[in-house]
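> make a model of this:
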Amino acid sequence: MRPNSIALMSLAATVVLGACASGPATQPRMKMTEPMPVSITTPDEVKTSIGTLEYFDGVPTHDTVDLLYDYVDRARAVQVFIDMLPAVSMYQLRQGQRDIGAKECHQILIWDELMDSKSLVLTGNNTSLYTWGFLDLEKDGPTVIELPADVLGILDDAYMRYLGDMGAAGPDKGKGGKYLVLPPGYEGDVPSGYYVVKSPTYCVWNMMRGYVRDSVKTAADGIKSKLRVYPLSRQDDPPKMEFIGMSGRKGYNTVPPNDFSFYELLDKLIQEEPIEFLDPELRGTIAAIGIVKGKPFKPDDRMRRILTDAVAIANGYARANTVFPRDPGQRIYQGTDSEWVMAFADKSTAFEIDGARRMDSRLWMHYNAIAVTPAMALTKPGAGSDYAIAGLDGEHEPLDGAATYKLHLPPNVPVKDNWSVTIYDTQSRCMLQTDQRYAGINSSAKGLKKNADGSFDIYFAPMAPAGHEGNWIQTIPGKSWFIILRAYGPLQPWIDQTWRPGEIELVEGN
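Here you go, the predicted structure:
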């Protein structure tokens, strides 16, 4: 029916039935007429935040249909961004490795001089000896990881969901061992002598951190000499390991996009993975915006405009959620006005509370970081690691790269191993690229000065404050920044919060 036809019918109904403009037409008294609750009717004109919706006796006009379809398609696309960011982030992490020619399970990236700011990795740090690769269980089938001793390893699936720990937090207890990762639906024989991990996706991220005891080189050499990754089918003739040095390397990007290409990457992921890794409802939401397993993703001009608008809104929400998180569980020092937040709300690495998904907590984590394991949020003294993040100063203002700030760490920082402070770019959420190769300070760094009472003051400024050169992290005028304070082996005072860092304090404005 044409819009003008609906308008004429609506006018006629008004004359005959005495309808008022603010509600549905008054129904004539018929033999079967019963009073109709207003709550189940729709007026001919309804004003909403997306515009005025017009109806003829509950039937929307063509313009209203277009308005509503555009809104719901946009809303679904925003939700898809929020729901699928972990998976797209993992896909881009894998794509970054493919882009530099590493596509096989035995091709392992290693930052054998530690990670610097040239690597575009979400909140990576310059303290850990990172090394990682990807398993392709569709191509290779069951895959073996021979893990050396003194390594902390994580296995995450294509949705960046935790599959299992290896090394210090895993069943080998840091002594090393053989792990066997099985593909989705595997029903073959499983040989003995392995720690077995089952994956719901073909893609599995094999992420490891080596412990630096004597030197970075010694730790890196230990991994290179003993780590082995190969398909089980080639156990008698495993491929030669290839370690790709990443320290200082250009052109490596693992950060998921926040423009229309986000949905293009999601489509590639959906085509590569077994669709069963998502539940039917989530599959349905993704399909509703045109991304369907086994079909080409070809949005028309209208849908492309909607998706472009949706990803801008979703990205804006992710940034608001990052700096001003609404989930109170993100706040480390709850009940105070502290700006210190944690990546996993209430330390739940499953992003759950009372059986419900903590959507904003999961979004915060995956917009700003990678890797999920319970070892990143342990509350056992001396075990694992913990993180405190600050993106505003003590007055709740954005951090200005042209100004000078100070972070005070009270005496006896409670860590078994070490602590570090790393600075990040608010645009990319990667290490801030300045004149300093390493965008941060480690507690074992040469030149780091301790105050007379055993405390530390860390300075952030474009130029080093006189006398504090060893405690200085460089910033850039015109840019904002945020930091992560990492505790490796946090002790009880950190866990029970009897020790806490100061807020970021503005020392001198721009």
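
> for this protein, give me the ranges with low pLDDT.
Along the chain, the model assigns pLDDT under 70 to residues 1-26, 510.

> can you pull the domain assignment for it?
3-60, 101-245, 325-508 (automatic domain parsing).

> do you know which of those lies nearest residue 287?
Proximity to residue 287 (C-beta to C-beta) singles out domain 101-245 among the domains of the chain, at 17.0 Å. C-beta coordinates here come from the backbone N, C-alpha and C atoms, glycine included.

> endpoints of that closest one, how far apart?
13 Å (C-alpha to C-alpha, to the nearest Å).

> just stretch 385-394 next, same as before
End-to-end for stretch 385-394, by C-alpha to C-alpha: 25 Å.

> who touches that stretch?
322-323, 332, 339-343, 368, 375-378, 398-399, 405, 426, 482-490, 494-495, 501-506 (C-beta atoms under 8 Å, 6 or more residues apart in numbering).

> which ones among those residues map onto helices?
322-323, 368, 494-495 (DSSP state H).

> of those, just the buried ones, ChimeraX syntax please.
To isolate the buried members of the ones in helices among the contacts of stretch 385-394 in ChimeraX, using 16 or more other C-beta atoms under 10 Å:
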select :322,368,494,495
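
> in JSON lines, list the ones in helices among the contacts of stretch 385-394 along with distance to residue 183.
As requested, these are exported to JSON lines (distance: C-beta to C-beta, whole Å):
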{"residue": "322", "distance to residue 183": "35"}
{"residue": "323", "distance to residue 183": "40"}
{"residue": "368", "distance to residue 183": "30"}
{"residue": "494", "distance to residue 183": "40"}
{"residue": "495", "distance to residue 183": "38"}
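
> how far away is residue 168 from residue 84?
According to C-beta to C-beta, to the nearest Å, residue 168 and residue 84 sit 31 Å apart.

> buried set for stretch 47-65?
Buried residues in stretch 47-65 (16+ other C-beta under 10 Å): 53-57, 60-61, 64.

> ok so, going back, more crowded one of residue 168 and residue 84?
Higher neighbour count among residue 168 and residue 84: residue 84, with 25 against 19, using other C-beta atoms under 10 Å.

> report the contact partners of the closest residue to that one other than its chain neighbours.
Nearest non-adjacent residue to residue 84, counting by C-beta to C-beta, 6 or more residues apart in numbering: residue 266, 5.6 Å away. Contacts for residue 266 were tallied using C-beta under 8 Å, 6+ apart; they are 80, 84, 87-88, 91, 286, 291.

> I'd like to know which of those residues are part of helices.
Per DSSP H, the contacts of residue 266 map to helices at 80, 84, 87-88, 91, 286.

> and which of these is nearest to residue 357?
The closest of the ones in helices among the contacts of residue 266 to residue 357 turns out to be residue 84 (C-beta to C-beta; 13.5 Å).

> tell me the SS of residue 75?
Here residue 75 is helix, with the state taken from DSSP: H, G, I helix; E, B strand; the rest coil.

> now do it against residue 257, distance only.
20 Å.

> can you check residue 465 too?
For residue 465, the distance to residue 257 equals 38 Å [C-beta to C-beta].

> cool, residue 51 as well?
30 Å.

> can you check residue 303 too?
Per C-beta to C-beta, residue 303 is found 18 Å from residue 257.

> of these two, who's got more company?
Between residue 303 and residue 257, counted using other C-beta under 10 Å, the more crowded position is residue 303 (19 against 15).

> surely that one is in a helix?
Yes. The assignment for residue 303 (three-state DSSP) places it in a helix.

> please shift the residue numbers so they start at 814 in all later answers.
Happy to do that; since the first residue is 814 now, the last one works out to residue 1116.

> tell me which residues touch the closest residue to it other than its chain neighbours, please.
In space, and not counting its chain neighbours, residue 1116 is closest to residue 1103: 6.1 Å by C-beta to C-beta, 6+ apart. Residues near residue 1103 by C-beta under 8 Å, 6+ apart: 1110-1112, 1116.

> just the buried ones from the residues you listed, in PyMOL syntax?
Selecting the buried subset of the contacts of residue 1103 in PyMOL, with 16+ other C-beta under 10 Å as the burial test, is done by:
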select buried, resi 1110+1112+1116
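
> and the contacts of residue 1103, which is closest to residue 1283?
residue 1110 (52.3 Å).

> what's the distance between the closest residue to that closest one other than its chain neighbours and residue 856?
Leaving out its chain neighbours, the residue that sits closest to residue 1110 by C-beta to C-beta, 6+ apart is residue 1080, at 4.0 Å. The gap separating residue 1080 from residue 856 is 40 Å, by C-beta to C-beta.

> also residue 936?
Residue 936 is 51 Å from residue 856, by C-beta to C-beta.

> cool, residue 849 as well?
Distance of residue 849 to residue 856, given as C-beta to C-beta: 13 Å.

> same thing with residue 919?
Distance from residue 919 to residue 856, counting by C-beta to C-beta: 67 Å.

> let's check: the centremost residue of the protein is which one?
The centroid of the chain falls nearest to residue 1179 when counting by C-alpha atoms, centre = their mean (0.8 Å).

> wait, that residue touches residue 974, no?
No. With contacts counted by C-beta atoms under 8 Å, residue 1179 stays clear of residue 974, the gap being 10.9 Å.

> any residues in contact with both of those two?
residue 899.
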